[in-house]
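>>> Provide a 3D model corresponding to the input given below.
(one chain, ligands or ions: 1)
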Amino acid sequence: MKTAVFSTKPYDREFLQAGAGAAGHELVFVENRLREETVPLAAGCAAVCAFVNDVLDGPVLRALHEAGTRFIAMRCAGYNNVDLAVVRELGLRVARVPAYSPYAVAEHTVALLLALNRHVPRANARVRDGNFSIDGLIGTDVHGKTVGVIGTGTIGRIFAEIMLGFGCRVIAHDVTPDAALQARGVEYLPVDDVLQQSFFLSLHCPLLPATRHLLDAVAFAKLPPGALVVNTSRGALIDAEAAVGAIKSGHLGGLALDVYEEEAELFFDDHSSHIIQDDTFMRLVSFPNVLVTSHQAFFTKEAMRNIAATTLGNLTDFAEGRVGANEVR
Ligand code: NAD
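Sure thing, here's the model as predicted:
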């Protein structure tokens, strides 16, 4: 079966190609993001493989369907960029990779939290520049602090467990509390209470209409002064303009992002020779207490191997007429 693999980088090619031949799949690697203009690149492909910043809205899905595509293999867990109503209307099928390495994402979250709290990137830049002053680099003990976790599913649960290991008080909010975490001492509270009590706050809930701009100006104001926020979930959970305001006022102590509301135009590509047009993003990265990585929380060898194996398995299920366990219903 022929599959067009959109948003392909060399590392995607490496891991997917390793198992494709044996599984009988012909993969057509496309560097472009999937969007209306690039749909023709999937001509003759029964399946399309897409990633987090590909566009799978009504017009794109209709155009793919018209060209003969019947199956969409998301090589990620989230599918907030897929218009499921149109998928159902057209009789398309979508599968995803529900879990590839939740540890990868939870561990990157901890890396961001620690790096932000202890100013690691600034300290490293100073030392490289021959400046060994530690003035302005003071941090806070993580041990004993209250850590708030919004969304304690696959990734949030592991993050919460790691923070328990640091000796933190962990509080959480989720529409479905996790009894095992509660038994380990995690307290579930209404979202406002989590905001008001968290010195460190980490977001791990999905992007849904109900969670869009979960952190807006009102929510930032509820955090304790000096609080540090980490987001490795989805960019639009945070109103980026409101984040700029919260940092400028000094109320928010720091922000670490692996995802950004308008990341699709920036992340995963080299823009170092271009003038970046997103003023909000440029304002954010100009602050000394804002740390941004380019949606790389998932990026470990283990996760890439699992993404490739599950994606090829999902394609095989479709090719052989099975409805696999990873199909989105
Ligand atoms: P999951 O579905 O296992 O867990 C999500 C949790 O959020 C669930 O427990 C759910 O009950 C809870 N939730 C739903 N609505 C909520 C609400 N309104 N308030 C609070 N909690 C709510 O998902 P996961 O695999 O743990 O992934 C979490 C997020 O991380 C997703 O948005 C995913 O897209 C993102 N992610 C990011 C990366 C990365 O590289 N940065 C990689 C993988 C996943």
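>>> Compute the number of surrounding residues for Phe220.
23 (other Cβ atoms under 10 Å). The C-beta positions use only the backbone N, C-alpha and C, and glycine is treated the same way.
>>> now swap in the one 10 residues further on and tell me
Neighbouring residues of Val230 were enumerated by other Cβ under 10 Å; the total is 27.
>>> give the contact list for the closest residue to the ligand within the stretch 51-200 of the chain.
The stretch 51-200 of the chain approaches the ligand most closely through Gly153 (1.7 Å), counting by Cβ to the nearest ligand atom. Gly153 sits next to Asp174, His204, Cys205 when contact means Cβ atoms under 8 Å, 6 or more residues apart in numbering.
>>> In terms of distance to Val292, which of the residues you listed ranks first?
Using Cβ to Cβ, His204 is the member of the contacts of Gly153 that lies nearest Val292, at 18.0 Å.
>>> pretty sure the closest one contacts Ile150?
Yes - using Cβ atoms under 8 Å, His204 is in contact with Ile150, at 6.5 Å.
>>> ok, back up a step: which of the contacts of Gly153 tops the neighbour count?
Counting neighbours by other Cβ under 10 Å, His204 leads the contacts of Gly153 with 28 neighbours.
>>> Now it: closest residue in space that isn't a chain neighbour?
Nearest residue to His204, sequence neighbours excluded (Cβ to Cβ, 6 or more residues apart in numbering): Gly156, at 3.2 Å.
>>> what's the neighbour count on that neighbour?
Gly156: 28 surrounding residues under other Cβ under 10 Å.
>>> Find the helix or strand that it is a member of.
For Gly156, the host element (DSSP states H and E) is helix 154-165.
>>> hmm, who's touching that helix?
Outside of helix 154-165, the residues within contact range by Cβ under 8 Å, 6+ apart are 77, 98-99, 102-103, 105-107, 109-110, 142, 147, 149-150, 152, 170, 172, 174, 178, 180-181, 184-186, 200, 202, 204-205, 232-233.
>>> What strands line up against the helix or strand harbouring Ser202, and which way round?
Using DSSP H and E, Ser202 sits within strand 200-203. Here strand 200-203 is paired, per DSSP bridges, with strand 146-150 (parallel), strand 228-231 (parallel).
>>> That concludes my questions; thank you for your assistance.
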